[in-house]
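Peer 1: requesting a structural model of the entry that follows:
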Amino acid sequence: MIENNLWHPVAQAHEVADAPLGVQLLGQSLVLWRGPQGQVSAFVDRCPHRGARLSMGRVENGHLECPYHGWQFAGSGQCTRVPALPEFTPPPSQCVKAFEAQEAYGLVWVRLEQGVQALPVPAFAAEADAHLRKLNCGPYDVAASAPRIIENFLDMSHFGFVHEGWLGSRDATAIGSYAVQATPTGVLATGCKAVQPLSNLHSTRAAEVEYTYEVTAPYAAVLTKIPEAGSTRAGWHESIALFICPVTPETSRVWFRLAVADFDSPDEQLQQFQHTIFCQDQPVLESQQPKCLPLDPRAEMHSAADRLSSAYRRYLKASGITFGVC
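Peer 2: Modelled structure (predicted):
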């Protein structure tokens, strides 16, 4: 699967501390743990000796120790110790399957096979936005496929119904024309405008907000906006990135990464606003049938307002994505 060659977020970096952590990715069970220099390693969550879950073990002397017989493994996956045979030196064949892992945006990312695609870089990673305040929201465990969640993130037509009184109003549901283009990493939409009663935490009146949406990987996207006048510093663009771990074809773990010009509000207050918005989306997402996103253009009806989501579906199909789609 092409999905195996991509980087996926699997946990918050601070969750991988002194004890091993079990996670799920693309239908597989993995274990994350930190080595002696603090580096994160990712293994199959199964001891090659007798199949016990390594996430039930512990980190001992800079090695991951199996909870069953105490076999220890280095960050490379190589077995280094078999307690029942103190003088035995395990050969290279005695190892657990290890995967590439790295930390970025406050998350741990894993890919199951080597690939050429880099981490999905959101707009706020650019030098021009280095001054913005960054914080994460989540995780959210959602009974919906990763592509369904991305498509919802790209969709403005639901604002007046799902987010009435917040991001939209039933009195202003028209979606004007906007531009969509393919990019080397996905899809870009510019000139997306919506009238929003409460576009952010400090909004005091309804305002027309302009968005730029960018799909930066099959299961990652970012929106950038200029917030309502008076609520931020002039000319500063704020962003929200959406990073999704495709757990199974029909279930996902979701994080949001905020880049804001608000340096005064507590983290909890900013996170609560985003939490409110996503909790309005989640029950609708989990109600959609089929749970996997249909890529056949005849499977669901479309309108001109859906040109961005239609472009996203074409991008997934052209990329050979099979996990979470149908």
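Peer 1: next one: the strand or helix carrying residue 271 to chain centre, how far?
Peer 2: Assigned by DSSP states H and E, residue 271 belongs to helix 267-287. For helix 267-287, the distance from its own C-alpha centre to the chain's C-alpha centre is 15 Å (CA atoms, centre = their mean, to the nearest Å).
Peer 1: now for the next helix or strand after that helix, which elements pack on it?
Peer 2: Scanning forward in sequence from helix 267-287 by DSSP H and E, the next helix or strand is helix 307-319. Where contact means 3 or more CB pairs under 8 Å, 6 or more residues apart in numbering; DSSP states H and E, helix 307-319 is packed against helix 146-154, strand 179-183, strand 186-196, strand 207-217. Using the backbone N, CA and C atoms, a C-beta is placed for each residue, glycine as well.
Peer 1: now do helix 307-319 against strand 186-196, angle only.
Peer 2: 160 degrees (axes from the mean of the first three to the mean of the last three CA atoms, to 10 degrees).
Peer 1: about what we covered before: and the helix holding residue 271, what does it pack against?
Peer 2: Helix 267-287 packs on strand 133-142, helix 146-154, helix 159-162, strand 251-260, going by 3+ CB pairs under 8 Å, 6+ apart.
Peer 1: between these, which one is nearest to residue 186?
Peer 2: helix 146-154 (9.7 Å; CB to CB).
Peer 1: ok, residue 154 - contacts?
Peer 2: Applying CB atoms under 8 Å, 6 or more residues apart in numbering, we find residue 154 in contact with 189, 213, 215, 221, 308, 309, 312.
Peer 1: I'd like those as TSV, with distance to residue 65, neighbour count and pLDDT appended.
Peer 2: Output for the contacts of residue 154, formatted as TSV (distance: CB to CB, whole Å; neighbours: other CB atoms under 10 Å; pLDDT from 0 to 100):
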residue	distance to residue 65	neighbour count	pLDDT
189	49	22	95
213	46	23	94
215	41	27	96
221	39	25	96
308	49	22	97
309	47	23	96
312	44	26	98
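Peer 1: of those residues, which is the nearest to residue 87?
Peer 2: Nearest to residue 87 among the contacts of residue 154 is residue 221, at 54.6 Å by CB to CB.
Peer 1: partner residues bridging that closest one?
Peer 2: For residue 221, the beta-bridge assignment (DSSP bridges) gives partners residue 215, residue 242.
Peer 1: mind listing what it touches?
Peer 2: 150, 153, 154, 186, 213, 214, 215, 241, 242.
Peer 1: will you turn those residues into JSON lines that also has distance to residue 84?
Peer 2: As requested, the contacts of residue 221 are exported to JSON lines (distance: CB to CB, whole Å):
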{"residue": "150", "distance to residue 84": "49"}
{"residue": "153", "distance to residue 84": "52"}
{"residue": "154", "distance to residue 84": "55"}
{"residue": "186", "distance to residue 84": "51"}
{"residue": "213", "distance to residue 84": "57"}
{"residue": "214", "distance to residue 84": "54"}
{"residue": "215", "distance to residue 84": "52"}
{"residue": "241", "distance to residue 84": "48"}
{"residue": "242", "distance to residue 84": "48"}
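Peer 1: before we move on, back to that, in TSV, list the contacts of residue 154 along with distance to residue 266.
Peer 2: Converted to TSV, the contacts of residue 154 look like this (distance: CB to CB, whole Å):
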residue	distance to residue 266
189	32
213	28
215	31
221	27
308	33
309	34
312	34
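Peer 1: so residue 317 is in contact with residue 295, correct?
Peer 2: Yes - using CB atoms under 8 Å, residue 317 is in contact with residue 295, at 4.7 Å.
Peer 1: now do the shared contacts for these two.
Peer 2: Contact criterion CB under 8 Å, 6+ apart; residues shared by residue 317 and residue 295: residue 325.
Peer 1: who's more crowded, these two?
Peer 2: residue 295 (17 against 14; other CB atoms under 10 Å).
Peer 1: correct me if wrong: residue 77 contacts residue 99.
Peer 2: No - assessed by CB under 8 Å, residue 77 is found out of contact with residue 99, at 9.0 Å.
Peer 1: just the pLDDT for residue 202.
Peer 2: Note on residue 202: pLDDT of 61.
Peer 1: again but with residue 142, I slipped
Peer 2: Residue 142 carries a pLDDT value of 98.
Peer 1: list the beta-bridge partners for it.
Peer 2: Bridge pairing for residue 142 (DSSP bridges) gives the partners residue 252.
Peer 1: and it, what does it touch?
Peer 2: Neighbours of residue 142 in contact, by CB under 8 Å, 6+ apart: 149, 251, 252, 253, 254, 282, 285, 286.
Peer 1: could you do residue 253 as well?
Peer 2: 9, 10, 24, 138, 139, 140, 141, 142, 244, 245, 247.
Peer 1: how near is the residue sitting nearest the centre point of the chain to residue 195?
Peer 2: The centroid of the chain falls nearest to residue 243 when counting by CA atoms, centre = their mean (1.7 Å). Residue 243 is 28 Å from residue 195, where distance means CB to CB, to the nearest Å.
Peer 1: so where's the stretch 1-150 of the chain uncertain?
Peer 2: By pLDDT under 70, the low-scoring segments of the stretch 1-150 of the chain are 122-130.
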